[in-house]
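Participant: just the structure for this:
(2 chains)
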Amino acid sequence: MLLDYLGLSWHSIRNRKLRSWLTILGIVIGVTAIVTLISIGQGIQDSILNEFEKLGYNTITVLPGNIDTRRGGFGNASSGAETYLNPTVIEGIEEIEVSGSIRTETGMINSENLQGQAFLRVTGLSRTILSDFDDYFNGFPVEQGELFSFEGDAEEVVIGSGVAKDLGVAAGEPIEIEGREFIVSGVLEPDEQSDGGFNFYGDLDSGLFLPSGAMDRLYGGEGRASLVLVKLYEDADVSEVAEEIEDRFSEADIASTTITTEEISNRVNNALGTIQIALAGIAAISLLVGGIGVMNTMYTAVLERTREIGVMKAVGAKNNQILGLFLIESGMLGLVGGLIGTLAGIGISMIAGRFINQALSVPFSPSFRPELLLGAIAFSFVLGSLSGALPARQASNLQPVEALRYE
Amino acid sequence: MVELVDVERKYVMGETEVRALRGLSLKIDEGEFVALVGPSGSGKSTLMHLIGALDVPDEGRVLLDGKDISEYTESELAGIRGEKVGFVFQTFNLIPTLNSLENVALPLTFQGVHRDERNERAADLLDMVGLGDRTGHKPAELSGGEQQRVAIARALINDPEILLADEPTGNLDSETGEEVMKLLEKLNRDRGMTVVIVTHNPKDAAHANRTINMIDGTLDKNGSGGDK
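Facilitator: Numbering: from 1, shown residues only, chains lettered A, B, ... in the order given. Below you'll find the model as predicted:
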């Protein structure tokens, strides 16, 4: 029965090829926009989260100062006296497997080949940062020379490739930091992910890196950290430990803020989710316009086929059969539009994905969730049918005698 | 089988009200071949629509097999049309997007008859009206006479008790018209089918065994021919 109706609807859609296709095009554009925006948005979300997940869900990042993470914008520590954390405060928390600290200062740099001085970021690293958190620094790849030693009092520094170029120094050569001489033990590989990649330390290219011992000797103040990373045992309750860490710091009169991967994920999900809804909303407007197109076409079809409707009624078609016939017809316009639009959306996302992949520092591919694709197709059918509802009602309510008389 | 009692039917055409039928009473028996004759606007088509349950009267009663059609719902009326009535129109009124076979089978689609059975019955009827080789043709590919024969086949697909034809030869040349009339006469004679035609053409009316003259929405007593 349904198949018979589909057949009849198909005949009349095919009979008005151009108009049908134009109507379908209206739906196609809307569906394409929605599928493209959502699958790209979802892809971006996935790839950003993927980066965070590299840190692992059992990692806690601790920053100095009170940062209202609830309002977003982590990384902007409140500027105050308390801009350092003392990592020894959290020693003894059972759930902590390992922790590492980073201290960042701005240093005055001199070298033989440099006219005048340069002010650059100097970062002190605890040994564990490189042994247990090396994802954080993209593996900290030393290209030329070797890594500094954490043992002894050697005055060694590893510098980013950009710094090496600007200062005109190579591995084994001396530079001055705050007037003290250091030997460049190694130069890092150029950091290809440096721009746009998310990290707390800035890019590797423009930094100088010291072991934390040397850092403290240079700037004074033992155990000063600008950032502490904490890795917990697998089964630890992350948010509970995060709370305890904040408590410990506050007992020591140090304001601190903990960031967990889960929190970040939630925030990224929320922020991107909102953007996605907004974009999809805009795309939905074009779909709505497509629906109005279907309505327009169906009203025209009812007018054009008034006599036909009269004939169908004369030969025994009931009102709800005429209604069904027109609903299926408009639903089919929507369905075909939805199918083509979904395919086009997949195509466009894949092409756009290539460009985004080049622009974004993290690996990206659009995400095609089956529920999105099937949902888009199903929704198009429903939209088509709904748009056709009023015209179909008009058709079904026609008086057979008047419909037959219609010229 | 059909009885009309004091039937009134009005239409609003633009701003004027037209009294198409004015207190008309009439009885048509099973197996009759009736021709409704009269000038334009005399209410012939309106009468035919009432007989075919395509319309209901404003006043008076239309009894089909003894039951008043005003008491049926629209859906029940559609059911009656689908089961008991066959319509043939002056302008054929075939669905242009469907081929002959599909057009003939269309009424059965609304009865929920299976496709195979529909097609078989439609093909048989097309054979009967001499269009067995035209099943795949669309209406635009057929001559007027052929289209009207397809329309007649369509009207017969539900094996109706009564066949109603509104000016069936009006758009045909006289020779083709004559063939169509012979077909209707044959259906009446061989199958005992009740046939009612509306016509301007005395030659068509001559095929009927009763002529009913109409004027101004009622029967023209003076002109009624009675039984042949």
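Participant: now the strands for the chain?
Facilitator: Going with chain A. For chain A, the strands defined by DSSP state E occupy A:59-64, A:96-110, A:118-125, A:142-145, A:156-159, A:174-177, A:180-188, A:207-211, A:227-232, A:256-260.
Participant: um, chain B though
Facilitator: Secondary structure of chain B (DSSP E): strands at B:2-13, B:16-28, B:33-37, B:59-64, B:67-68, B:85-88, B:162-166, B:194-199, B:210-215, B:218-219, B:226-227.
Participant: right, so of the ones you listed, which gets closest to residue A:375?
Facilitator: strand B:85-88 (45.2 Å; Cβ to Cβ). The way it works is simple: take the backbone N, C-alpha and C, and place the C-beta from them, glycine included.
Participant: what about residue B:86, how many neighbours?
Facilitator: 28 (other Cβ atoms under 10 Å in any protein chain shown).
Participant: which residues touch it?
Facilitator: B:154, B:155, B:156, B:157, B:158, B:160, B:162, B:163, B:164 (Cβ atoms under 8 Å, 6 or more residues apart in numbering or on different chains).
Participant: what about 7 Å?
Facilitator: B:155, B:156, B:158, B:160, B:163, B:164 (Cβ atoms under 7 Å, 6 or more residues apart in numbering or on different chains).
Participant: save the strands of chain B as CSV, and put in distance to residue A:402 and mean pLDDT too.
Facilitator: Listed next are those as CSV, based on distance: least, Cβ to Cβ, whole Å; pLDDT from 0 to 100:
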stretch, distance to residue A:402, mean pLDDT
strand B:2-13, 9, 91
strand B:16-28, 13, 91
strand B:33-37, 21, 94
strand B:59-64, 18, 93
strand B:67-68, 22, 92
strand B:85-88, 15, 94
strand B:162-166, 15, 94
strand B:194-199, 18, 94
strand B:210-215, 21, 92
strand B:218-219, 23, 88
strand B:226-227, 34, 50
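Participant: what about stretch B:140-149, distance to the chain center?
Facilitator: 18 Å (Cα atoms, centre = their mean, to the nearest Å).
Participant: buried residues in that stretch?
Facilitator: By neighbour count on 16 or more other Cβ atoms under 10 Å in any protein chain shown, the buried set for stretch B:140-149 is B:142, B:144, B:145, B:146, B:147, B:148, B:149.
Participant: please apply the same query to stretch A:52-70.
Facilitator: Buried residues in stretch A:52-70 (16+ other Cβ under 10 Å): A:52, A:55, A:58, A:59, A:60, A:61, A:62, A:63, A:64, A:65, A:67, A:69.
Participant: what about the spatially closest residue to residue B:12 that is not a sequence neighbour, distance to chain A?
Facilitator: Leaving aside its chain neighbours, residue B:12 sits nearest to residue B:18 (7.5 Å; criterion: Cβ to Cβ, 6 or more residues apart in numbering or on different chains). With distances taken as Cβ to the nearest Cβ, to the nearest Å, residue B:18 is found 12 Å from chain A.
Participant: same question for residue B:171.
Facilitator: On the measure of Cβ to the nearest Cβ, residue B:171 and chain A end up 15 Å apart.
Participant: could you report the distance from that residue to residue B:145?
Facilitator: According to Cβ to Cβ, to the nearest Å, residue B:171 and residue B:145 sit 10 Å apart.
Participant: sorry, back to before: most neighbours among the contacts of residue B:86, which one?
Facilitator: Most crowded among the contacts of residue B:86, counting by other Cβ under 10 Å, is residue B:164 at 29 neighbours.
Participant: which ones are touching residue A:39?
Facilitator: Here residue A:39 is in contact with A:345, A:349, A:366, A:367, A:368, A:372 (Cβ under 7 Å, 6+ apart).
Participant: closest to residue A:149 out of these?
Facilitator: Closest to residue A:149, out of all of the contacts of residue A:39 and judged by Cβ to Cβ, is residue A:367, at 44.7 Å.
Participant: thought the closest one was touching residue A:43?
Facilitator: Yes: contact criterion Cβ atoms under 7 Å: residue A:367 and residue A:43 qualify, at 4.4 Å.
Participant: please say which of these two ends up with more neighbours.
Facilitator: Neighbour tally, residue A:367 and residue A:43, criterion other Cβ under 10 Å: the higher count belongs to residue A:43, 21 against 18.
Participant: who are the neighbours in contact with the more buried one?
Facilitator: A:353, A:364, A:365, A:366, A:367.
Participant: top of those residues by neighbour count?
Facilitator: residue A:366 (26 neighbours).
Participant: residues in the stretch 1-150 of chain A within reach of chain B, list them.
Facilitator: Applying Cβ under 7 Å from any Cβ of the partner chain, one finds that the stretch 1-150 of chain A approaches chain B through A:1, A:4, A:11, A:12, A:15.
Participant: which ones are touching the residue nearest to the fourth one when sequence neighbours are not counted?
Facilitator: To tie it back to what came earlier, the one meant is residue A:12. Residue nearest to residue A:12 in three dimensions, not counting chain neighbours: residue B:97, with 5.5 Å by Cβ to Cβ, 6+ apart. Residue B:97 makes contact with A:11, A:12, A:15, according to Cβ under 7 Å, 6+ apart.
Participant: got the phi/psi numbers for residue B:97?
Facilitator: Dihedral pair for residue B:97: phi -80, psi -10, per degrees, to the nearest 10.
Participant: cool, and residue B:169?
Facilitator: Torsion angles, degrees, to the nearest 10, at residue B:169: phi -110, psi 0.
Participant: just give me the closest of the contacts of residue A:43 to chain B.
Facilitator: residue A:366 (40.5 Å; Cβ to the nearest Cβ).
Participant: settle this for me: the residue nearest to residue B:12 is touching residue B:11, isn't it.
Facilitator: Yes: assessed by Cβ under 7 Å, residue B:18 is found in contact with residue B:11 at 4.6 Å.
Participant: more crowded one of those two?
Facilitator: residue B:11 (17 against 14).
Participant: how near is that one to residue A:168?
Facilitator: 102 Å.
Participant: biggest helix in chain A by residues?
Facilitator: Ranked by residue count and defined by DSSP state H, the top helix of chain A is helix A:261-304.
Participant: need the residues of the stretch 301-407 of chain A near chain B, please.
Facilitator: So far as Cβ under 7 Å from any Cβ goes, the stretch 301-407 of chain A lies against chain B at A:307-308, A:311, A:313-319, A:321, A:400-401.
Participant: can you rerun that using 10 Å?
Facilitator: The stretch 301-407 of chain A has residues A:305, A:307-308, A:310-322, A:325, A:396-397, A:399-405, A:407 near chain B, with proximity defined as Cβ under 10 Å from any Cβ of the partner chain.
Participant: list the ones among those that fall in helices.
Facilitator: Reading helices off these with DSSP H, I get A:307-308, A:310-314, A:319-322, A:325, A:396, A:400-405.
Participant: selecting buried members of those in ChimeraX, what would you type?
Facilitator: To isolate the buried members of these in ChimeraX, using 16+ other Cβ under 10 Å:
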select /A:307,308,310,311,312,313,314,319,321,322,325,396,400,401,403,404
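Participant: next, count neighbours for residue 29.
Facilitator: In the absence of a named chain, chain A is used. So residue A:29, with other Cβ under 10 Å, has 19 neighbours.
Participant: please go with chain B instead
Facilitator: 11.
Participant: quick check: phi and psi at it.
Facilitator: The phi/psi pair for residue B:29 (degrees, to the nearest 10) is phi -90, psi 160.
Participant: look up how far chain A lies from the residue lying closest to it once chain neighbours are set aside.
Facilitator: Distances taken as Cβ to Cβ, 6+ apart put residue B:1 closest to residue B:29, at 6.4 Å, once the chain neighbours are dropped. Residue B:1 sits at a distance of 18 Å from chain A (criterion: Cβ to the nearest Cβ).
Participant: next, the contact list for residue A:277, please.
Facilitator: A:38, A:41, A:284 (Cβ atoms under 10 Å, 6 or more residues apart in numbering or on different chains).
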